[in-house]
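Novice: need coordinates for the following:
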Amino acid sequence: MPVLQSTLFTYALVMASIAWGDDLGELKAEIQGRQPEEIRALVIRRFGTPARTVGSGVLTSEWDVEGGVLSFSLSRGPVFDKGPARIWLLRTNNPAALSLFGHYGMTTELDGPDGLCCDLGDLSLSWDLRYQYTESQASLDHRNSQADKFFVLHPSGRLQINYASGVTAASRLEDLPDGSLVATLRFLARDRRSSKEFQIFTDHTWRVLESGRADQSLRLRKSWANLWR
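Specialist: Predicted coordinates for the structure are as follows:
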């Protein structure tokens, strides 16, 4: 999947198109502060039965609206896609620190034309500045071929967070430029002799935090903390 693909220019154009569309603009105002079941009912009342339902597990309802696709799922709420940009209709509040802590999926770097990667496990960052790595079965099966074994050798330890210039723990991810650096995470092994760093960037299109690709064979990725409020 493309990383950090939308631009601020495209984002602004689509936001403008939403403002011009009476139905979408009114819906956006109407759904703020509502519960998920209320929001879905309001979408159906305005746009009718979904044109289609896609996915497995958590299903996504889709409507063809104003030259784009309005979708709703319990995992992410109402979203409007038009061209390369994605607009999240609910106003949210995601302070940088709130989103940096929590569970990251860890994978190998995307490989080959199909962008295949291997799920290595879960990396949990707690508020007391500790980390804990839980290895997946796929990682266990391919451990010998892994180029970077830092977390295999040091599954727990301390965490240091260095925020990017102009960013604080209270900075809202919604207010940062798309694709900008949020912070550098430094993982310190218990023996204090080994460490590893990741730069973490924000992606507005998918509302995720991701590690940069430079000189890394591992990738970290997690959702923003709040997708509903």
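
Novice: would you confirm that N162 belongs to a strand?
Specialist: Yes: N162 forms part of a strand when assessed by DSSP: H, G, I helix; E, B strand; the rest coil.

Novice: begin at 53 from here
Specialist: New numbering, starting at 53: the last item is N214.

Novice: what's around A241, how many residues?
Specialist: Neighbouring residues of A241 were enumerated by other C-beta atoms under 10 Å; the total is 18. For every residue, glycine as well, the C-beta is placed using N, CA and C.

Novice: kindly apply the preceding question to A216 instead.
Specialist: Neighbours of A216 using other C-beta under 10 Å come to 18.

Novice: correct me, but it touches T236?
Specialist: Yes: the pair formed by A216 and T236 meets the contact definition of C-beta atoms under 8 Å, at 7.5 Å.

Novice: could you list the domains of this structure?
Specialist: 60-140, 148-275 (automatic domain parsing).

Novice: where among those is average confidence lowest?
Specialist: Taking each of the domains of the chain in turn, the lowest mean pLDDT turns up on domain 60-140, with a mean of 84.

Novice: how far off centre is it?
Specialist: Domain 60-140 has its average C-alpha position 18 Å from the chain's average C-alpha position, going by C-alpha atoms, centre = their mean, to the nearest Å.

Novice: before we move on, what about stretch 253-263?
Specialist: Relative to its chain's centre, stretch 253-263 lies at 5 Å (C-alpha atoms, centre = their mean).

Novice: extract the C-alpha set from it and format it as CSV.
Specialist: In CSV, the C-alpha atoms belonging to stretch 253-263 read as follows (Å, rounded to 0.1, in the frame of the first residue of the first chain):
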residue,chain,number,x,y,z
PHE,A,253,5.7,10.0,10.7
THR,A,254,2.0,10.8,10.5
ASP,A,255,-0.2,9.9,7.6
HIS,A,256,-3.5,11.8,7.3
THR,A,257,-4.9,9.6,4.5
TRP,A,258,-5.0,6.5,6.6
ARG,A,259,-4.7,8.1,10.0
VAL,A,260,-1.8,6.0,11.0
LEU,A,261,1.7,6.5,12.4
GLU,A,262,4.5,4.8,10.5
SER,A,263,8.2,4.4,10.8
